[in-house]
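>>> predicted model and sequence follow; I will ask about them next.
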Amino acid sequence: MVGTSRSWRPPVGESLLASARGVALALLSIVISLLLFLLVLVSLTLMIVGLGILTTPLVLGMVRAHANQRRVLAVEWAGVPIPSPYRPEPEERRGGFVGVVERNSYLLKDPATWRDIVWLLVDAIVGFTTALLSFAILAYGIEGVCMMFGLWEYMGDRYWYGFIHIDGYDSAVKATVLGAVLVIFSLYTNRLPFMMHFMIARVLIGPSRGAQLAQRVEQLYETRHDAVDSSAAELRRIERDLHDGAQARLVAMGMSLGTVEALMERDPAKAKEILMQARSSSAEALTELRDLVRGIHPPVLAERGLGDATKALALRMQIPVTVDVELPGRFDEPVEAAAYFAVSEVLTNAAKHSGAEQVWLDIHYSAAAGGMLRMAVTDNGRGGADLNRGTGMKGIQRRLGALDGVLAVSSPAGGPTLVTMEIPCRLTQRAPQRG
């Protein structure tokens, strides 16, 4: 009964925070969005006399910065992701007036620019209303609660609170009851208009279906291209390892055996010594071949699955790794291989570069939304990891990208570092029930 009663308590802290943030959003909408919309209209009008060619890129740049700020707030304040829909800008830009004209043309040809302009007007009206509504209902309710405490005396005989005419203490008490109902109602519901504000923004400044398809095609092209490059690089690595390792040892063994054959009758002791060396070389060649095969596809991964393979991997690390794995079964071989080697690379980076004393590895699977395999590696090291530095993280991105997976890194200076990896996939084999 205690747990049930608590579930009915209004989330006061979240509601008050939503109201305060709603006021901030309302100010951004009515001031910044409306001002930028007017500046865009003026700048586009000045295109007629040529002056707009110089002002439009600057104004549209401010519009994009404003829209990007709203995308950040949507994620941080409401957990509503709004992907960026803008086309990639040309890598090479010319300077001077020609460069300004080219940038102006690029911005005006991007459909996302015109969607941003429409959003500015909608945000100044509808966005302002939905953002302020979270605060307005709560404030209006508090006003009603204050009526019976003497506020009604300052409102005059013609004041109406909702449908209640305030003309004395009795009507002020009724207004207080109505105000209390509105306060309780707002504490439970004032996040709804707050969320609606960001949902409207996602419809207008998020990528359209056509833009999503274009981005998807571009992403698929890049990931498939990277996958081909990675496969070619992997084949070259295997060839190099075989040539420099096992093949060289096998050639040396053949030469040694030829020498043994020549010395067998003349110098048996020397032949026996060379034969022992050849035997040792054969053992080393076998070890190198096993390591090479393990690097291509670890036997424990094929036999026991991703969970046991990552646990075995964690045991071989130089620093302690706490493993939390909850997997309901097996996945396709490419998925398990990509996940295993991605975890291996992240753990190796943590051991080599982070200066961490402890690493935590979490692997879980969610069947929602078609299925998602999630892996998280956290260390208590010095932080400062960057996706744009080094080739290790880029290699992981390419490996996961070939399966539509994603990689995210959070590594502030001083730590901790959190590396999150996700691969969309489905179970191919469920784990047997125990007990």
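That came through fine.

>>> how far does the helix or strand containing residue 65 sit from its chain's centre?
Assigned by DSSP states H and E, residue 65 falls within helix 52-78. Put simply, helix 52-78 sits 21 Å off its chain's centre (C-alpha atoms, centre = their mean, to the nearest Å).

>>> mind checking how far the residue nearest to residue 330 when sequence neighbours are not counted is from residue 343?
Nearest residue to residue 330 in three dimensions, chain neighbours excluded: residue 429, at 4.0 Å (C-beta to C-beta, 6 or more residues apart in numbering). For the C-beta atoms, the positions are set from N, CA and C on the backbone; glycine is no exception. Separation of residue 429 from residue 343 (C-beta to C-beta, to the nearest Å): 20 Å.

>>> which one's more surrounded, those two?
residue 343 (25 against 11; other C-beta atoms under 10 Å).

>>> hmm, residue 313 and the more buried one touching each other?
Yes: with contacts counted by C-beta atoms under 8 Å, residue 343 reaches residue 313, the gap being 6.8 Å.

>>> phi first, then psi, for residue 420.
Main-chain torsions, residue 420, degrees, to the nearest 10: phi -110, psi 130.

>>> which strand residues sit across from it in the sheet?
Counting by DSSP bridges, residue 420 is bridged to residue 376, residue 408.

>>> my read: it touches residue 407, true?
Yes: using C-beta under 8 Å, residue 420 is in contact with residue 407, at 7.4 Å.

>>> neighbour count for these two, which is higher?
Taking other C-beta under 10 Å, residue 420 and residue 407 do not tie; residue 407 has more neighbours (20 against 16).

>>> my read: the more buried one touches residue 399, true?
No: contact criterion C-beta under 8 Å: residue 407 and residue 399 do not qualify, at 9.1 Å.

>>> quick revisit: buried stuff in the following helix or strand past the helix holding residue 65?
Using DSSP H and E, the helix or strand that follows helix 52-78 towards the C-terminus is helix 96-109. Residues 100, 103, 104, 106, 107 are the ones in helix 96-109 that count as buried (16 or more other C-beta atoms under 10 Å).

>>> for the nearest residue to residue 54 once chain neighbours are set aside, give me the pLDDT.
The shortest distance from residue 54 to any non-neighbouring residue, by C-beta to C-beta, 6+ apart, is to residue 100 (6.2 Å). You'll see residue 100 listed with a pLDDT of 81.

>>> residue 100 contacts residue 55, correct?
No: applying C-beta under 8 Å as the test, residue 100 and residue 55 come out as separate, 10.0 Å apart.

>>> where does residue 363 land in three-state SS?
strand (DSSP: H, G, I helix; E, B strand; the rest coil).

>>> just give the nearest non-adjacent residue to residue 309, would you?
Counting by C-beta to C-beta, 6+ apart, the residue nearest residue 309 is residue 301, at 4.0 Å.

>>> got the CA positions of the host helix or strand of that neighbour in PDB?
Using DSSP H and E, residue 301 maps to helix 299-304. What follows is helix 299-304, C-alpha atoms only, in PDB (Å, rounded to 0.1, in the frame of the first residue of the first chain):
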ATOM      1  CA  PRO A 299      36.500 -20.200 -30.900                       C
ATOM      2  CA  VAL A 300      34.800 -19.300 -27.700                       C
ATOM      3  CA  LEU A 301      32.600 -16.900 -29.600                       C
ATOM      4  CA  ALA A 302      31.500 -19.500 -32.000                       C
ATOM      5  CA  GLU A 303      31.000 -22.200 -29.300                       C
ATOM      6  CA  ARG A 304      29.600 -20.200 -26.300                       C
END
